[in-house]
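Enquirer: would you be able to build a 3D model of this:
(one chain, ligands or ions: 2)
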Amino acid sequence: MGDHAHDSSDFLTDKSAKIFVAGHRGLVGSAIVRKLQSLGFTNLVLRSHSELDLTRQSDVDSFFAAEKPRFVILVAAKVGGIHANNTYPADFIAINLQIQTNVIDSSFRHGVKKLLFLGSSCIYPKLAPQPIPENALLTGPLEPTNEWYAIAKIAGIKMCQAYRIQYGWDAISGMPTNLYGPNDNFHPENSHVLPALMRRFHEAKVNKAKQVVVWGTGSPLREFLHVDDLADAVVFLMDKYSGLEHLNVGSGKEVTIKDLAELVKEVVGFEGDLLWDTSKPDGTPRKLMDSSKLLGLGWTPKISLKDGLFDTYKWYVENVVEQ
Ligand SMILES: NC(=O)C1=CN([C@@H]2O[C@H](COP(=O)(O)OP(=O)(O)OC[C@H]3O[C@@H](n4cnc5c(N)ncnc54)[C@H](OP(=O)(O)O)[C@@H]3O)[C@@H](O)[C@H]2O)C=CC1
Ligand SMILES: C[C@H]1O[C@H](OP(=O)(O)OP(=O)(O)OC[C@H]2O[C@@H](n3cnc4c(=O)[nH]c(N)nc43)[C@H](O)[C@@H]2O)[C@@H](O)[C@@H](O)C1=O
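Expert: Ligands and ions are numbered 1, 2, ... in the order given. Predicted structure coming up:
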């Protein structure tokens, strides 16, 4: 089964087509809803976690039988930073396998025309060649702190490929790098590094603290992409890509955690010192992805990290900080 990488679908032609955005209230899902609404889509089907628990197979199948969406964008998942992944491995592997298996299978069985599944750059080996090409998948041991989540995501990619091979069904996968932006998860322990530091620096500034603890050594490198760029890439992939292989979705720019911390400190306006807690894990030393396949199809990221940080901090102060 060859790659039909340039099959164009009718995703952008019929704005009344029914689209199910699974996980629409999260960082990524809410950005995708914003993007689709800005493009004039009028028929989004949205269900919160409490309305439809995607780990419950019979409920998912009843939902698809009733709604029969034409397109599905699957971004619902159990998601968290390095501490959460390292602390709740059973949740990360079980919940994510259940969600994706239920949604992918029910989508196929109820006639969905095209489905996009989101994985993550953590699917690649801990010491993959940098920048990481898509074919580095399954060529080496995973990063231990998030291997459970990574295995679930790899299974999702493989499931989409298997349904294309066996049934000729149009399921595609995108692999985003570390994401950030409005509506992120700012939980003090379970969040990702960027929102965690933004919250900690903000609280330190307000409380006039002298120093802020940052986890690890500060030496790991991370690539960041603003979630609005990711939402743009999701629409681009739904419209322009129908291939067997997953595609990397990155900004191509990486920073050390130390430089990121300094940048967030500057954006927030905290003037104290950083204290490094090296008892906390660094995780994988580097995971810059090679996104040249997606770039070659014509997509480009537009939001710089500094602009994105200012935009996110403005949102944080207006929406999260107790008024
Ligand atoms: N954030 C990042 O840095 C990255 C994220 N990704 C991927 O992007 C996708 C979205 O991540 P992100 O937006 O950051 O995560 P969020 O946690 O912000 O959003 C996930 C959404 O999924 C929902 N959800 C979780 N479990 C269930 C369930 N059992 N049934 C129904 N809904 C459920 C959550 O609802 P509720 O909160 O109410 O439980 C939430 O709205 C995920 O697939 C993730 O793997 C990939 C790379 C990086
Ligand atoms: C998207 C990606 O996200 C996760 O992988 P990660 O990138 O390692 O995660 P992270 O953002 O939590 O940490 C990045 C680095 O930052 C350092 N760090 C400093 N201070 C804080 C801090 O306060 N909080 C956090 N979380 N990290 C901190 C931390 O020590 C580490 O070196 C997995 O979900 C993975 O599966 C995945 O897909």
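
Enquirer: around the closest residue to ligand 2 within the chain, how many other residues sit close by?
Expert: Of all residues in the chain, the one sitting closest to ligand 2 is residue 81 (2.7 Å; C-beta to the nearest ligand atom). For glycine as for every other residue, the C-beta is placed from the backbone atoms N, C-alpha and C. Using other C-beta atoms under 10 Å, residue 81 has 22 neighbouring residues.

Enquirer: in space, what's closest to it - neighbours in sequence excluded?
Expert: residue 192 (4.2 Å; C-beta to C-beta, 6 or more residues apart in numbering).

Enquirer: looks like the one you found contacts residue 186 (just checking).
Expert: No - counting by C-beta atoms under 8 Å, residue 192 does not reach residue 186; the two are 9.6 Å apart.

Enquirer: and those two? Which one has more around it.
Expert: Ranked by neighbour count (other C-beta under 10 Å), residue 192 and residue 186 place residue 192 first, with 23 against 19.

Enquirer: show the contacting residues for the more buried one.
Expert: Applying C-beta atoms under 8 Å, 6 or more residues apart in numbering to residue 192 gives the contacts 80, 81, 178, 180, 184, 185.

Enquirer: among these, who's most crowded?
Expert: Going by other C-beta under 10 Å, residue 184 tops those with 24 neighbours.

Enquirer: tell me how far that one lies from residue 75.
Expert: Distance of residue 184 to residue 75, given as C-beta to C-beta, to the nearest Å: 14 Å.

Enquirer: and if you look at residue 20?
Expert: Distance, residue 20 to residue 75, using C-beta to C-beta: 11 Å.

Enquirer: cool, residue 149 as well?
Expert: Distance, residue 149 to residue 75, by C-beta to C-beta: 14 Å.

Enquirer: more crowded one of those two?
Expert: Using other C-beta under 10 Å, the more surrounded residue of residue 149 and residue 75 is residue 149, with 28 against 24.

Enquirer: element containing the more buried one?
Expert: For residue 149, the host element (DSSP states H and E) is helix 147-167.

Enquirer: also residue 55?
Expert: Residue 55 belongs to no helix or strand, assigned by DSSP H and E.
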